[in-house]
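**Q** what's the 3D shape of this:
(2 chains)
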Amino acid sequence: MTAFYDLNVHALPECADSPRRLWLKAKQFGYNGIVIANHSDFYEQFPREEGILLGVEIKASIERELLSKIAAFRPKVDVLLVHASTEEINRIALGDSRVDILAHPEQAKGGINHVLAKIASENQVALEFNLNALIHARGGMRSRLLSNLKKNFELAKKFEAPIVLTSGARSHYDLRAPREMAALAGLFGMSRAEAFQSLSQVPERILRRSARIEVIE
Amino acid sequence: MKALPPSLRKRKRYIVFDVDSEDDFLKKELSNAIWREALALFGEAGASDLGMALVEFNGSQGILRCNHNQVERVRAVLASLRSVKRIRAVLYIASVGGTMRTAIEKFKRKKGIGKVINNIPSRVELKYVSGKVKRIRDEEIDIIPDKNEIIERSSVSLIGITAFDLKGIN
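**A** The predicted model follows:
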């Protein structure tokens, strides 16, 4: 059976559920592991347990801050995400192979273009497709979001940048089973096979790179 | 009016789903919420193609009927449902079948009786949060927090922990 991973969920103290509560639901949904990736201001060194891995989503506004945070967090975490913001931050994050994932670029001002997609592909830094906003936004906001996701997906595919699909859950009510994730990803053009791959093989490669896969196996 | 002969009827799929929510709601309320999502996502013309009808709902499990070639779109509708009557909820699809009979079989399959957990205090004080225990189900414990900051960030009304989170501090 395919092993599924959700590489971006938020837990206490940033959000309302404990890592174990999130894992209880995720396990029921058929996941093999979740990564607790609180924003860097809320980072908490959770003990790694069955199914629960440690990550961080770094928030930085200037280059120096970003680089020093990457250096500080990299030895501590299994998965390192950078919160997408300005074009400059996104470019530095995608160019740094210590970074695993650029988180939700579709919501950032800078966004993704052909140059950034190419850098991501060269450094094997994954672009995240975060479904949390898709669940929460409505109306024109969600429409715009979907068109951004569509554009980013086409670019990532064309330049063969790695793609990860995550729930970005802020509570266990935001978690979705892999099939449901694939159905939501279908709204911006992802096929089911592509969605499953970005929930299993691509995350597995990232976890293997940080040598944490044995925790789950 | 005479019912259509079977050969002329539209083929259907029956989706059995589980619900997890912060509070209870009625079948009608869930049905309205699902329809509102379908209309928001696919518009009036698109929603009419789905052929959705909530056949059964008992508070924690339900059966939703739809056209046989629209299951993926209905899945997207159910996945984008975030609340029913402002109560946070999540639907989880347990199975998809071609007849009402198979759906009912899955539907009837009872879940095991939850483990009884003793010594749960009425108030909990954890490292980041303190509050009153509202609900206990198996290992799941929901807490009404003293401060609203965290739940507002998550757009929920309860803090969720497990019984194992308490063991560490006792």
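**Q** count of residues packed around residue B:130?
**A** By other Cβ atoms under 10 Å in any protein chain shown, the residues close to residue B:130 number 14. From N, CA and C alone the C-beta is placed, and that goes for glycine too.
**Q** ok, and what's touching stretch B:31-44?
**A** A:138-139, A:142, A:187, B:46-47, B:49-50, B:52, B:54, B:57, B:64, B:73-74, B:76-78, B:80-81, B:83-85 (Cβ atoms under 8 Å, 6 or more residues apart in numbering or on different chains).
**Q** count the neighbours of the residue nearest to residue A:163 when sequence neighbours are not counted for me.
**A** The shortest distance from residue A:163 to any non-neighbouring residue, by Cβ to Cβ, 6 or more residues apart in numbering or on different chains, is to residue A:198 (4.5 Å). Number of residues near residue A:198 (other Cβ under 10 Å) recorded here: 26.
**Q** spit out the contact partners of residue A:198.
**A** By Cβ under 8 Å, 6+ apart, residue A:198 lies in contact with A:129, A:162, A:163, A:164, A:165, A:185, A:190.
**Q** buried set for whichever strand or helix holds residue B:28?
**A** In this assignment (DSSP states H and E), residue B:28 forms part of helix B:27-50. Residues of helix B:27-50 classed as buried: B:30, B:31, B:33, B:34, B:35, B:37, B:38, B:41, B:42, B:47, B:50 (neighbour count, 16 or more other Cβ atoms under 10 Å in any protein chain shown).
**Q** the contacts of stretch B:31-44 in strands, which ones?
**A** Taking DSSP state E as the definition of strands, the contacts of stretch B:31-44 contribute B:54, B:57, B:64, B:83, B:84.
**Q** quick one, phi psi at residue B:10?
**A** phi -70, psi 140 (degrees, to the nearest 10).
**Q** do I have it right that it meets residue B:65?
**A** No. Using Cβ atoms under 8 Å, residue B:10 makes no contact with residue B:65, being 10.2 Å away.
**Q** ok now stretch A:36-56, how far from the chain's centre?
**A** 13 Å (Cα atoms, centre = their mean, to the nearest Å).
**Q** check stretch A:188-196 too.
**A** 16 Å.
**Q** got the CA positions of it in PDB?
**A** Output of stretch A:188-196 as PDB, limited to C-alpha atoms (Å, rounded to 0.1, in the frame of the first residue of the first chain):
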ATOM      1  CA  PHE A 188      -7.000  23.100 -10.000                       C
ATOM      2  CA  GLY A 189      -6.100  20.400 -12.600                       C
ATOM      3  CA  MET A 190      -4.200  17.800 -10.700                       C
ATOM      4  CA  SER A 191      -4.900  14.200 -11.700                       C
ATOM      5  CA  ARG A 192      -5.500  11.600  -9.000                       C
ATOM      6  CA  ALA A 193      -2.200   9.900  -9.800                       C
ATOM      7  CA  GLU A 194      -0.300  13.200  -9.500                       C
ATOM      8  CA  ALA A 195      -2.000  14.100  -6.300                       C
ATOM      9  CA  PHE A 196      -1.200  10.700  -4.700                       C
END
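**Q** and the contacts of that stretch?
**A** Applying Cβ under 8 Å, 6+ apart, the set of residues contacting stretch A:188-196 is A:2, A:4, A:129, A:146, A:149-150, A:153-154, A:163, A:165, A:178, A:181-182, A:185-186, A:198, B:72.
**Q** for the residue positioned nearest the centre of chain B, what are its contacts?
**A** Chain B has residue B:19 as the residue nearest its centroid, 2.3 Å off, counting by Cα atoms, centre = their mean. Residues near residue B:19 by Cβ under 8 Å, 6+ apart: B:30, B:57, B:59, B:60, B:61, B:62, B:89, B:90, B:91, B:92.
**Q** hang on, residue A:41 packs against residue A:59?
**A** Yes. Between residue A:41 and residue A:59 there is a contact under Cβ under 8 Å: 6.6 Å.
**Q** just the helices in the chain please.
**A** Defaulting to chain A. For chain A, the helices defined by DSSP state H cover A:19-28, A:63-73, A:87-95, A:114-123, A:132-136, A:140-158, A:178-185, A:192-197, A:201-209.
**Q** nope, chain B
**A** Assigned by DSSP H, the helices in chain B fall at B:27-50, B:71-79, B:100-108, B:149-154, B:163-167.
**Q** make CSV out of the ones you listed and add mean pLDDT.
**A** Converted to CSV, the helices of chain B look like this (pLDDT from 0 to 100):
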stretch, mean pLDDT
helix B:27-50, 96
helix B:71-79, 96
helix B:100-108, 86
helix B:149-154, 90
helix B:163-167, 82
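**Q** wait, which of the buried residues of helix B:27-50 is closest to chain A?
**A** Closest to chain A out of the buried residues of helix B:27-50 is residue B:41 (7.6 Å), distances taken as Cβ to the nearest Cβ.
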